[in-house]
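Asks: mind folding the following:
(2 chains)
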Amino acid sequence: MESRLAVADLHKAADTLVIALACAGDDSAFAEVLRRRQGRVRKFMYHLCRQTALGDDLAQQVFLTAWRSLGRLRSAAAFDGWLKKIMVNVWLQEVRRGKVVTVSDVELADLAPHHDHTAARMDLDAALSTLPPDMRLCVVLAYNEGMSHPEIVALAGLPLGTVKSHIARGAARLREILAGYGERS
Amino acid sequence: MSDQNEFDTRLAAHFEREHRQVPADAFVAATMGMVRAGRRRRVVMQAGLRGAAIVAVVAASPWLIAGVERLNAALDSSLTWATGQHGAWVLGGLAVLVVLATRVRSR
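Replies: Sure, this is the predicted structure:
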C-alpha cells in the first residue's frame, strides 16, 4: 500500500498517527514505527540473550510478528503494551526451543573484568547471563523496562510470588557478581 | 535498605547506558526487506490457493453435477409427496403442533 504521508512528514508525525497508518497497511508508516522502536526492542533482546546477532534476529522476529498481526491491534494507544507482549512471547519461544545459554559461575570467572563504561555494561550482561531465563526476564522487565510486579505478572504469565522472588533473588545475584568485579578492579 | 536502593539505582543506570548496535538504518532496511518478502509470499500463496480451488472445482465437476442431479430428483419426489393427500395431512398436523407449541411457550 502506498503511503498517505511523505517520508519527511512521517518523521515528524505523532506516534498514534504513524501507528494508525501502519495498522491500515501503510508500509512506510510501519518502517517509521520500526525506526522509532528498534533501539528499545533490540536492547531488550540483547540484555536477555547477550548476543548482538541473536538479539537482532529476535528483534526482527518481534517486528515481523507485529507486522503480521497489526490488523488485530484495537487502538494505536495500546501499541507499546502490545509490542512488549510480543517481545516477551518471542523470548519465551526461544527459551522453549532450548537455545538460551545460561553461563555457569566458572565460565563467568573466566570473563575478564573491565574498568571502563563499555566494560561495566559487559559485566552486567555477563552477570545477567548467569540467571535462569525466567529470572532474567523478570529482572530485565523490572530494571530495563521499569515495570511494576503486577505488570510483569500480566506480561510473563507467572504468579506474583514467583515474580517477586525472581526479582529479589536475581538482583541479589547481580549485586554479588558486580560487587566481585568491583573488588577485583 | 538504603544500600538496596542505591544498588537498584545503579542497576537501573547500568541498563540505561547506550547499547552499541548495528546502525538503525541497516536494521530497518533488513527488517523491511523481510516484511516485503513476507507480503510477496502472502500474495503468491493467496494466488496459489485461489488457483488450486478453481482446479479442484473443475476436476470435481462431474461428481458435483451428478450430486446436483441427485439432489434435484430428491427435492422433486419430496415436493410431489408434500403436495399429495398424505403429505398435506402430515404438513397440516405439523403446522398445528408448531402453533400450539408457540402458544404454550408464550404463556
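
Asks: state the number of residues packed around B:A37.
Replies: Other residues near B:A37 come to 11 when the count uses other CB atoms under 10 Å in any protein chain shown. Using the backbone N, CA and C atoms, a C-beta is placed for each residue, glycine as well.

Asks: pLDDT at it, what is it?
Replies: Each residue has a pLDDT score; the one for B:A37 is 93.

Asks: give me the element it is part of.
Replies: B:A37 is part of helix B:24-59 when elements are defined by DSSP states H and E.

Asks: quick one: is that helix near chain A?
Replies: Yes: judged by CB under 8 Å from any CB of the partner chain, helix B:24-59 comes into contact with chain A through B:A24, B:F27, B:V28, B:A30, B:T31, B:M32, B:M34, B:V35, B:R36, B:G38, B:R39.

Asks: you'd agree the fifth one is up against A:R37?
Replies: Think B:T31. No: contact criterion CB atoms under 8 Å: B:T31 and A:R37 do not qualify, at 10.9 Å.

Asks: any buried residues in the helix holding B:A37, and which?
Replies: B:F27, B:V28, B:T31, B:M32, B:V35 (16 or more other CB atoms under 10 Å in any protein chain shown).

Asks: name the helices or strands packed onto that helix?
Replies: helix A:27-49, helix A:52-69 (3 or more CB pairs under 8 Å, 6 or more residues apart in numbering or on different chains; DSSP states H and E).

Asks: report the angle between that helix and helix A:27-49.
Replies: 110 degrees (axes from the mean of the first three to the mean of the last three CA atoms, to 10 degrees).

Asks: what's the following helix or strand after helix B:24-59?
Replies: Downstream of helix B:24-59 (by DSSP H and E), the next one is helix B:61-83.

Asks: give me the contact list for that next one.
Replies: B:V57, B:G87, B:A88, B:L91 (CB atoms under 8 Å, 6 or more residues apart in numbering or on different chains).

Asks: mind checking which of these are buried?
Replies: Buried among the contacts of helix B:61-83 (16+ other CB under 10 Å): none of them.

Asks: pick the one among the residues you listed closest to chain A.
Replies: B:V57 (28.8 Å; CB to the nearest CB).
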